[in-house]
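Asker: dropping the sequence and predicted coords here.
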Amino acid sequence: MSKGHVLIIEDDKSILNFLAISMKTNGYEYEIAEDGLTGISKFLNNKPEIILLDLGLPDIDGLEVIKQVRLTSKLPIIVISSRGQDMEKVEALDLGADDYLTKPFSINELFARIRVAMRNAHPNEKVEQVFELDGLKIDFERRLVSVDNEQIHLTPIEYKILELLVRNSGKVLTHTFIQNEIWGYSEYGEHQSLRVFMANIRRKIEHDTTKPRFIITEVGVGYRFVEN
């Protein structure tokens, strides 16, 4: 039984072959496109469940592919690119990519992120009202948070940020996205305020703030809540 239908949009033949073999070995159906326009066509006609996308394509920029896909679909997009600039990561994520890996990458990490992205794309119809993980418990209905059975106090904004991260578990949330969701607007100068809130949340929920278990900083990009 297939684990999912993957569309790989990549023009580097060595990486294409590597990904194709890895997909087959791990039980995924896949198809390939070596340029952006072909990728968009296969997305529209073949309805993949997830896209692995290189940004440096020979015809159109991968960012344009994200824009075109997001016109009609919310399917997961994981960007795999040699571009390592933070601003390009941020732009890809803000346009609607779900995750970002920089070449070279670990194939095990890629499959872990594929599993998370596909799980988030098909959530249970019933929204979980209580979240529990490694001593952290969040009762969304009552808006209560506890660590190791001890209730902790979060300010309203801290709670909203934590809930946003948990509800998007495994996904990189950019500074801009978080600010827009929490405050309704985004200004570059507000990034420092967000860092302060994140530090306070970590201090309250993490056992060791120097080695955070739950909230990971994606340097220059944003934050990710990690479950596994």
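Answerer: Sure, I can see it. Keep in mind the model is a prediction, meaning the values are calculated, not measured.

Asker: please tell me how far the residue of the chain positioned farthest from its centre sits from residue 205.
Answerer: Computed with CA atoms, centre = their mean, the residue of the chain farthest from its C-alpha average is residue 150, at 30.0 Å. For residue 150, the distance to residue 205 equals 11 Å [CB to CB, to the nearest Å]. In this view, the C-beta of every residue, glycine as well, is placed from N, C-alpha and C.

Asker: could you do residue 32 as well?
Answerer: For residue 32 relative to residue 205 (CB to CB), the value is 42 Å.

Asker: contacts only, for the spatially most central residue of the chain.
Answerer: By CA atoms, centre = their mean, the chain has its centre lying nearest to residue 171, at 2.4 Å. For residue 171, the contact set (CB atoms under 8 Å, 6 or more residues apart in numbering) comprises 98-99, 116-117, 120, 224.

Asker: ok so, going back, quick one, phi psi at the residue farthest from the centre of the chain?
Answerer: The phi/psi pair for residue 150 (degrees, to the nearest 10) reads phi -110, psi 120.

Asker: could you count how many residues lie near the closest residue to residue 4 other than its chain neighbours?
Answerer: Distance criterion CB to CB, 6 or more residues apart in numbering; nearest residue to residue 4, sequence neighbours excluded, is residue 49 at 4.6 Å. Residues contacting residue 49 under the criterion other CB atoms under 10 Å number 19.

Asker: per-residue pLDDT of residue 49, please?
Answerer: pLDDT, residue 49: 95.
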